[in-house]
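Asker: The following block contains a protein sequence and its predicted model.
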Amino acid sequence: MWTEIKSDADLEWLLKLYASFHDSCLRDLHISTKEFVDEERAMSFDNKNVATLLFQRQAKENPVLELKFEDVERFNFNPPEMYGGVIFEATFKKENDLYYWSDEDYWGIGDNEANWISAKKVFWRLRPELLGNISRLKPEELSC
C-alpha cells in the first residue's frame, strides 16, 4: 500500500525512517510516459508521467524502499562509475509545489551532475521482499 507524502513533516519522517538514504543505492527504476498508441493506432497524451525508484540499503531495518513520483517534471540520470552509486545522504525537499529527490546531500536545483527527479506528487512503501540482486524485468528481456 502506497503512502502519500503531503507535508514537510511527512518528508522528514520518511527521511528519518530511511536514515536519509545513508549507505543505500538506487537498485531499480521504471519510467512510464504519458504518451501511448491505442489499438486504433491513435496517439494519446492522456496519461501522466510516473517513475518508481527502488532503493536498497545495508541496514537491517527497512532495507528496501520504493518511491513513486507522479506527474514527473524532470528526471536526470548519470549512471555511476564502479562504487559511485553508493548514496551517503540524499536530498529530499519540496519547493514551488514540486518534490525533489537527489542522491547528493546539499544538492541544489539545476545541479545536473547528480541523479535527481522532480514531480508534483510522491508516494512511498517498504518492499523488503525485493532485497538482493533482483530484477523486475524477465531474464529474456535483459539479453540481446
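Answerer: Nice, thanks for sending it over.

Asker: alpha carbons only for contacts and neighbour counts from here, please
Answerer: Noted.

Asker: so what's E129 up against?
Answerer: V64 (C-alpha atoms under 8 Å, 6 or more residues apart in numbering).

Asker: Could you check how many residues crowd around Q58?
Answerer: Other residues near Q58 come to 14 when the count uses other C-alpha atoms under 10 Å.

Asker: For N115, see how far away it is.
Answerer: Here the criterion is C-alpha to C-alpha, to the nearest Å. By it, Q58 lies 20 Å from N115.

Asker: try R136
Answerer: 21 Å.

Asker: And E61, by the same measure?
Answerer: Using C-alpha to C-alpha, we find E61 at a distance of 25 Å from N115.

Asker: Show me which of these two is the more surrounded one.
Answerer: Neighbours were counted for E61 and for N115 using other C-alpha under 10 Å; N115 has more, 19 against 10.

Asker: Let me see the ranges of the helices in the protein.
Answerer: Along the chain, the segments classed as helices by DSSP state H run 8-17, 139-142.

Asker: Buried residues, the longest one. List them.
Answerer: Yep, that's helix 8-17 we're talking about. Taking 16 or more other C-alpha atoms under 10 Å as the basis for neighbour counts, the residues of helix 8-17 that come out buried are L11, L14, L15.

Asker: and the first one, what pLDDT?
Answerer: Right, the one you point to is L11. In this prediction, L11 carries a pLDDT score of 96.

Asker: Could you pull up the contacting residues of the closest residue to it other than its chain neighbours?
Answerer: Spatially, and ignoring its direct neighbours in sequence, L11 is nearest to I5 (6.3 Å; C-alpha to C-alpha, 6 or more residues apart in numbering). With contact set as C-alpha under 8 Å, 6+ apart, I5 has these partners: L11, K121, V122, F123, W124.

Asker: give me the beta-bridge partners of the third one?
Answerer: If I follow you right, that is V122. In this structure, V122 bridges to F69 when assessed by DSSP bridges.
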